[in-house]
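Q: sequence below, structure please.
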Amino acid sequence: MNLVIVESPTKERTISKFLGKEFVIKSSYGHVCDLPKKELGIDIAKNFQPKYVMLPRAKKIISSIVKLTKKAKKIYLATDFDREGEAIAWHIVKSAKLDKKKTKRITFHEITPEAIHESLKNTHEIDLSLVNAQQARRILDRIVGYKLSPLLWRKIARGLSAGRVQSIVLRFIVEREKEIKEFKPQEYWTITAKLAGDGVEFDAALVSKDDTKFEYKQAYQLFADEYNVTLSLLKNKEETDKVIDELKRLSYRVEKIIRKKQNKTPPPPFTTSTLQQDAVYKLGYYSNKTMHVAQMLYEGIELPDGAVGLITYMRTDSVSVANSAREEARKYIIENFGDKYLPLKPPTYKTVSKGAQEAHECIRPTSVYRDPEKIKKYLTAEQHALYKLIWQRFLASQMKNAIYDVLTIEIAGEPDKGMAGLPDNLSAGLSNLSGSKYGFRTSVRAMDFTGYLEIYRNGDEENTGDKDTFDSKILLLKENDILKLVNLSSEQHFSQPPPRYNEASLIKTMEKNGIGRPSTYAPTIGTIRRRDYVFYNDKRFYPTSLGEDVNAILKEHFSEIVDLNFTANMEEKLDLIAEHKMEWQKVVREFYKPFSETLARAEKQISVIKTKPVPVDEKCDICGAQMMLCSGRYGKFLSCSNWPKCQNKISLDRLGNKKIVEKTDETCPKCGSIMLKRTGRRGVFLACSAYPKCRFVKNVK
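A: Numbers count the residues shown, from 1 in each chain. Sure, this is the predicted structure:
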């Protein structure tokens, strides 16, 4: 008998169907060891030696594994192909005291019979460099969490936490909110001309005056991003009206017609980051949900011909594609779309993620011949939607470019040149009414060849309105044709502040700046939401006052924790540990010494944060006294300044708006007053409107 140890019961069920009776598959149900919960668990004096303890739920599992190993000829550790999976395998070896001579590590990108059998032929030892990289990450996070979090408890409120990655992500959201609040809109105007010629009418935008372009870009260097705003040189209505008066006196002609082909390359296959982003935009899934569903697709789905993993490993930052998968995709494209959709050479892509593990693979279907529609009935709605997205994106990445036919018409608005027969003095006088030349432009696009768009479109490519051909009338226009000005219209605009982050843009920013790794994106966002540092409203992140307080303390006293470059450099050092180029204790030591000194200073310098009530422009509707804006354990609220004589209190939502109290048809059984529907921590309940005189409440079932 041979023993294969995996970390997931789903993987256990799937792989057991691929291997014969001589194999026993056993799941560890995830991690079997961790640092202890009630203590730091790191001996700093002994070179940061960690103290691992077996998890309570793992004791029976390890006992069962030990019994099986006594009968096993060979033991294969088949945990996930990443640092965390390597660490789990290492802990299993230590906990079960496995015989090193008969224990081997196997790895695979996909859970298919072919991949599993191939991995059994290519066994290797546990990569201790990967284990050490994961161990260093865990120890660093434990030091920050167990040393810094208690400080936040004492200075702000109990139950708070701080972490290396979550703190920088919180700063992204807080800084963006600050940028939005400080943003000063700029007024600008645009002018559009409706022109007619040769039986066709079309709109053209004003783009230049002589050699000056009317549009320009302003670049804002934000904390973690660059933000560009396109503005017009027309700053107010007076300037705009003056230009319109000049334009009315001009004649118009077609100055240039440009017709060209525009190639649009397909997007690369999914990485963890891009899958999470696309799932937000296209499916409305939170990143945690995306990873949960992807995990099920990876570990195995029961199909008529047996259980099989439908996608490759879903925690990856690589866009590499296995040759076998590429060739299968090319064959499928020829069979289902035809030769014209297949590029001569397979496309290659380069990752944009810092420190990407190029030895890994992209997220792709394990076989493109498992068409999403053909296996739909074996999947849940969520599994089908995500699998279809992955399948379409991968197939599209192996297809030809889309090609557009782009027609651009440049129009000159200039003084009337039909004055050649007039006396020179009169001609000069009339032309001086407007000596400037204005430029207008219109551009239309038609689809020439769909290419990869035949199967997959990004958000900006959906509902674009692209036609197969141009309006035949506009093609009749020729250079130097005279156009008639039908009318001129102007429109006022204001520059917009940078948008708040949604899950997709936040993950994209994390990836771009090298903050965290594929396995940490979703858990990090989940942590700052659970801690009530941020909240999600209308699919955008807002910081809470608590989150702003925590960020302010970290910025002032622990600047390295929330420093963009420091956090990204730490990720690079963890990569160097994984590549056996740096010692993990050295990385931890270099962090710990300055951190512990800063912690000691902060303990003395930081005062306990007590939020004082702030007067607001509102009167108490019970006693007429001024209302005060207060902060409590569950957020902000309005309270009567005459408290405790008057205990009137108005709850506010997270955006600072009054929570609407709904009257009901019920009356209070104690005092006969109307019952109100309110919302608390545990949901909706009914409360007497005579509160605080009557404190009767009733749960809503």
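Q: quick one: the strands in the stretch 101-250 of the chain?
A: Ranges of strands within the stretch 101-250 of the chain are 103-105, 187-197, 200-209, 212-213, 215-221, 226-232, based on DSSP state E, counting those that start in this stretch.
Q: would you mind pulling up the elements that the helix or strand encompassing Arg13 packs against?
A: In this structure, Arg13 sits in helix 9-16 according to DSSP states H and E. With contacts taken as 3 or more Cβ pairs under 8 Å, 6 or more residues apart in numbering; DSSP states H and E, helix 9-16 sits against strand 2-6, strand 23-27, helix 287-299, strand 306-308. In short, each C-beta sits where N, CA and C put it, glycine included.
Q: could you rerun that using 6 Å?
A: Packing partners of helix 9-16 (3 or more Cβ pairs under 6 Å, 6 or more residues apart in numbering; DSSP states H and E): strand 23-27.
Q: now the strand it packs on, how far from the chain's geometric center?
A: If you compare the mean C-alpha spot of strand 23-27 with that of the full chain, they lie 37 Å apart, counting by Cα atoms, centre = their mean, to the nearest Å.
Q: contacts for that strand?
A: By Cβ atoms under 6 Å, 6 or more residues apart in numbering, the surrounding residues in contact with strand 23-27 are Met1, Asn2, Leu3, Val4, Ile5, Val6, Ser8, Pro9, Glu12, Ile15, Ser16, Ile65.
Q: pull the contacting residues for the third one.
A: Leu3 makes contacts with Val24, Leu68, Ala72, Ile75, as judged by Cβ under 6 Å, 6+ apart.
Q: now the closest residue in space to the third one that isn't next to it in sequence, which residues is it bridged with?
A: Among residues not flanking Ala72 along the chain, Leu3 sits closest, at 4.0 Å (Cβ to Cβ, 6 or more residues apart in numbering). In this structure, Leu3 has the following beta-bridge partners (DSSP bridges): Val24, Ile75.
Q: measure Leu3 to Thr230 for me?
A: Leu3 sits 63 Å away from Thr230 when distances are taken as Cβ to Cβ, to the nearest Å.
Q: ok so, going back, any idea how far the residue nearest to Ala72 is from Ile15?
A: To Ile15, Leu3 is 12 Å away according to Cβ to Cβ.
Q: likewise Met627?
A: 64 Å.
Q: equivalent analysis for Thr348, please.
A: The spacing between Thr348 and Ile15, counted by Cβ to Cβ, is 32 Å.
Q: same check on Ile606?
A: In this view, Ile606 and Ile15 are 52 Å apart by Cβ to Cβ.
Q: before we move on, what about Lys256?
A: Taken as Cβ to Cβ, the spacing of Lys256 relative to Ile15 amounts to 65 Å.
Q: of those two, give the one with the bigger neighbour count.
A: Ile15 (24 against 13; other Cβ atoms under 10 Å).
Q: OK, contacts around the more buried one?
A: Ile25, Ile116.
Q: just the element for the residue nearest the centre of the chain, please.
A: In the chain, the C-alpha closest to the average C-alpha coordinate belongs to Ala504, at a distance of 2.4 Å (Cα atoms, centre = their mean). Per DSSP H and E, Ala504 falls inside helix 503-512.
Q: what's whichever helix or strand comes after that helix packed up against?
A: Toward the C-terminus, helix 503-512 is succeeded by helix 521-530 as the next helix or strand (DSSP H and E). For helix 521-530, the elements it packs on are helix 164-182, helix 287-299, judged by 3+ Cβ pairs under 6 Å, 6+ apart.
Q: who are the packing partners of the longest one?
A: For helix 164-182, the packing partners by 3+ Cβ pairs under 6 Å, 6+ apart come out as helix 521-530, strand 540-543, helix 545-557.
Q: switch the cut-off to 7 Å
A: helix 128-155, helix 503-512, helix 521-530, strand 540-543, helix 545-557, helix 564-578 (3 or more Cβ pairs under 7 Å, 6 or more residues apart in numbering; DSSP states H and E).
Q: which pair in the contacts of strand 23-27 spans the largest distance?
A: Comparing all pairs in the contacts of strand 23-27 by Cβ to Cβ, the longest separation belongs to Met1 and Ser8, at 21.2 Å.
Q: about what we covered before: save the helices and strands packed on helix 521-530 as TSV, and put in distance to Asp549 too.
A: Supplementary listing: these in TSV, determined by distance: least, Cβ to Cβ, whole Å:
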stretch	distance to Asp549
helix 164-182	10
helix 287-299	26
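Q: same list (those) but as TSV, adding mean pLDDT.
A: TSV is the format used below for these (pLDDT from 0 to 100):
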stretch	mean pLDDT
helix 164-182	94
helix 287-299	96
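Q: possible to save those helices as CSV with mean neighbour count and distance to Phe595?
A: As requested, the helices and strands packed on helix 521-530 are exported to CSV (neighbours: other Cβ atoms under 10 Å; distance: least, Cβ to Cβ, whole Å):
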stretch, mean neighbour count, distance to Phe595
helix 164-182, 21, 10
helix 287-299, 21, 29
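Q: then the helix holding Ala504 to CSV, C-alphas only?
A: Presented in CSV, the C-alpha positions along helix 503-512 are these (Å, rounded to 0.1, in the frame of the first residue of the first chain):
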residue,chain,number,x,y,z
GLU,A,503,-12.6,45.1,-4.7
ALA,A,504,-11.3,44.9,-8.2
SER,A,505,-9.3,48.2,-8.2
LEU,A,506,-8.0,47.5,-4.7
ILE,A,507,-6.7,44.1,-5.7
LYS,A,508,-5.2,45.6,-8.8
THR,A,509,-3.4,48.3,-6.7
MET,A,510,-2.1,45.6,-4.3
GLU,A,511,-0.7,43.6,-7.2
LYS,A,512,0.8,46.6,-9.0
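Q: many thanks, have a good one.
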